[in-house]
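Asks: my questions concern the predicted model and sequence given below.
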Amino acid sequence: MSATKEEIVAFMALEFPQTKCVIEAVGDNRSTLSHDIGNNELRPGGTVSGPVLMSIADVALYVAILGKIGIVPLTVTTSLTINFLRKPSAEARIIAECTLMKVGRTLIVGEVALYSEGSRDMVAHVVGTYSVPPQHV
């Protein structure tokens, strides 16, 4: 069972109202999200902070997974590895493009490419694993 973009947007608004991530697209083992950047997202040196990049990547994985398996709230991150590749723009939205690489019964692995909007140079690459609750299997 899968979930539509509209179902996921409604779920996220109810369960994660604090997120600043915007779901742009969901489907076909993928998701695309964006995150506006302002002063609160910057660290010294005028670059987007690591926690902001990790957050949008984690949410992109979660959204792609919900798009694949449906709304399963207790699907949780078990690992997240990030490689920071270059300085993101402090004046452009961050775009996250997620692809699920393996969808198993209890573990799902995906990767996320992060970009500053307007550039095709990746600013970070993320690989994450999520655990699906056993009762859902």
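Replies: Here it is on my side, so go on. Residues are numbered from 1 along each chain as shown.

Asks: list the contacts for residue 91?
Replies: If a contact means Cβ atoms under 8 Å, 6 or more residues apart in numbering, then residue 91 has residue 37 as its contacts. C-beta coordinates here come from the backbone N, C-alpha and C atoms, glycine included.

Asks: doesn't it belong to a helix?
Replies: No - using DSSP: H, G, I helix; E, B strand; the rest coil, the assignment for residue 91 is coil, not a helix.

Asks: and it, backbone torsions?
Replies: phi -120, psi 20 (degrees, to the nearest 10).

Asks: Three-state assignment for the spatially most central residue of the chain, please.
Replies: Note on the chain: the residue nearest the mean C-alpha position is residue 60, at 1.7 Å, using Cα atoms, centre = their mean. Assigned by three-state DSSP, the conformation of residue 60 is helix.

Asks: list the contacts for it?
Replies: Contacts of residue 60 by Cβ under 8 Å, 6+ apart are 21, 31-33, 96-98, 112.
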